[in-house]
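Peer 1: got a predicted structure plus its sequence, pasted below:
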Amino acid sequence: MTDSAHTRIRRTRRPVLASAAALSLTAFLAVGVGSADATTRVGSAVATTSDATPPCPLASAAPLTLQYPDQAPSAGPVLRRLANRPRSSPSDADTGRYAYAQVRMRAADSTFEGRCIVTVTAYADEQRWRADDGSGQVTGTPWHHDPAHPPAAETTTYPAGGLPGVVAGPVPSDPAALAAVLDAAFPPIQVAAAQARPMRVAENQRQCRHPGTAARVRAIAELNAWHYVNRPARRASLLVLADVQRLAYRGTVAGYPGAIAVSVDTGDWRDVLVIDPRTGVVRAYEQVLLRNGETTLGVRAPYMNARTAYTGRGRTSRIG
């Protein structure tokens with residue numbers, strides 16, 4: 001797995017699942033993908049068979065279906081064209097102290113069981129209210145494994161500074177200023193690969209791994225998860241993304257009518273943003289394991305490691 005320096009971005013009250021052990025990965029939210037409980041042999045990129053020890057099975061979680069999964073063109077020209085005239089979103093008319101975001105998340109959660117790593121998918125939903133001073137509230141279902149039987153919702157209220165967010169104050173509408181604060185929050189650090197280890201879902205979703213140019217894609221995803229990105233800021237976001245090296249245009253996305261996807265590949269990983277081309281609104285973020293290269297994660301690649309779907313957004317004068 002890969003590990004990077006910790007960012008200043010905190011994650012809120014997400015609990016650590018008791019069955020999980022630690023990992024640094026990226027990854028995320030949301031819609032309609034299942035995952036099978038599974039395992040893989042530790043210390044080898046491919047599980048092997050022998051008369052004495054049968055192979056460990058592998059978990060499956062299908063990533064989003066993209067129009068151009070391979071041989072995709074550059075996304076820069078497309079994004080610059082979209083940035084010329086982004087349309088207003090209905091929520092642009094909202095006013096109030098708090099940025100509101102509703103997110104649906106899913107992420108890989110794994111642990112050792114004997115000689116194998118067992119991986120399952122965990123789920124969580126949150127509604128977030130955040131003021132520019134970092135105060136606010138998060139209400140939602142904690143991480144759980146059975147989407148048909150979620151735990152009771154929990155609510156946590158935060159004082160000023162409790163929810164630091166990605167940027168201080170309103171989201172900048174100047175592309176250079178926005179790029180600077182995003183890079184400060186998610187430094188584009190190249191990191192060395194490490195041996196695989198089981199993934200704690202809370203660490204997985206925290207997205208500690210953000211090497212190279214993937215850092216800016218992840219920063220845009222987090223920006224939309226904690227701040228309201230209005231029309232001028234969305235235009236700046238599109239231009240910031242257009243400057244990301246090797247950002248690919250992936251075309252249309254199954255399950256998101258009218259939306260397009262852009263992505264950047266880093267080694268065995270792909271970070272994907274799903275964007276409404278009319279408004280520039282980010283609708284989802286996904287991290288995908290493309291192949292089991294130097295690591296063994298107990299999964300069958302390509303694997304949806306984490307996903308976040310942004311199902312509600314706006315501004316409001318009150319919480320709840």
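Peer 2: Arrived safely, thanks for sending. Fair warning: this is a prediction, and the values are worked out from it, not measured in the lab.
Peer 1: ok, which stretches of the stretch 201-320 of the chain are strands?
Peer 2: Taking DSSP state E, counting those that start in this stretch, the strands of the stretch 201-320 of the chain run over residues 248-252, 260-266, 269-275, 282-289, 303-316.
Peer 1: now do the helices in the stretch 51-200 of the chain.
Peer 2: 76-82, 175-185 (DSSP state H, counting those that start in this stretch).
Peer 1: least confident of those, on average?
Peer 2: Note on these: helix 175-185 shows the lowest mean pLDDT, a mean of 94.
Peer 1: and it, what's buried?
Peer 2: 175, 178-179, 181-182, 185 (16 or more other C-beta atoms under 10 Å). Glycine gets a C-beta too; all of them are placed from N, C-alpha and C.
Peer 1: adding distance to Ala72, write those residues out as JSON lines.
Peer 2: Below are the buried residues of helix 175-185 laid out as JSON lines (distance: C-beta to C-beta, whole Å):
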{"residue": "Pro175", "distance to Ala72": "23"}
{"residue": "Leu178", "distance to Ala72": "25"}
{"residue": "Ala179", "distance to Ala72": "23"}
{"residue": "Val181", "distance to Ala72": "28"}
{"residue": "Leu182", "distance to Ala72": "23"}
{"residue": "Ala185", "distance to Ala72": "27"}
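Peer 1: ok, so of those residues, who is nearest Val78?
Peer 2: Pro175 (16.2 Å; C-beta to C-beta).
Peer 1: contacting residues around the closest one?
Peer 2: 236, 239-240 (C-beta atoms under 8 Å, 6 or more residues apart in numbering).
Peer 1: if I look at Thr121, how far off is Leu297?
Peer 2: 13 Å (C-beta to C-beta, to the nearest Å).
Peer 1: doesn't Tyr98 make contact with Arg313?
Peer 2: No. In this structure, Arg313 is not within contact of Tyr98 by C-beta atoms under 8 Å, at 11.5 Å.
Peer 1: sketch out the low-pLDDT regions of the stretch 1-150 of the chain for me.
Peer 2: By pLDDT under 70, the low-scoring segments of the stretch 1-150 of the chain are 1-52.
Peer 1: which residues in it form strands?
Peer 2: 38-41, 98-113, 116-130, 136-144.
Peer 1: now tabulate the strands of the stretch 201-320 of the chain in CSV and tack on mean pLDDT.
Peer 2: Shown next, in CSV, are the strands of the stretch 201-320 of the chain (pLDDT from 0 to 100):
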stretch, mean pLDDT
strand 248-252, 98
strand 260-266, 96
strand 269-275, 96
strand 282-289, 96
strand 303-316, 96
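Peer 1: among these, which comes closest to Thr141?
Peer 2: Per C-beta to C-beta, nearest to Thr141 of the strands of the stretch 201-320 of the chain: strand 303-316, 13.6 Å.
Peer 1: can you give me the buried ones in that closest one?
Peer 2: For strand 303-316, using 16+ other C-beta under 10 Å, the buried residues are 303-311, 313-315.
Peer 1: again with stretch 276-288
Peer 2: Residues 276-277, 279-288 are the ones in stretch 276-288 that count as buried (16+ other C-beta under 10 Å).
Peer 1: from these, which two are the most distant?
Peer 2: Going by C-beta to C-beta, the pair spanning the buried residues of stretch 276-288 furthest: Thr279 and Val288, at 24.9 Å.
Peer 1: point out where the stretch 151-300 of the chain drops to low pLDDT.
Peer 2: 189-212, 293-296.
Peer 1: on that earlier part again, have a look at Thr121 and Leu297 and say which one is more surrounded.
Peer 2: Leu297 (26 against 23; other C-beta atoms under 10 Å).
Peer 1: that older thread, a markdown table for the strands of the stretch 1-150 of the chain, including distance to His227?
Peer 2: Listed next are these as a markdown table, based on distance: least, C-beta to C-beta, whole Å:
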| stretch | distance to His227 |
| --- | --- |
| strand 38-41 | 36 |
| strand 98-113 | 5 |
| strand 116-130 | 7 |
| strand 136-144 | 11 |
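Peer 1: sounds good, over and out.
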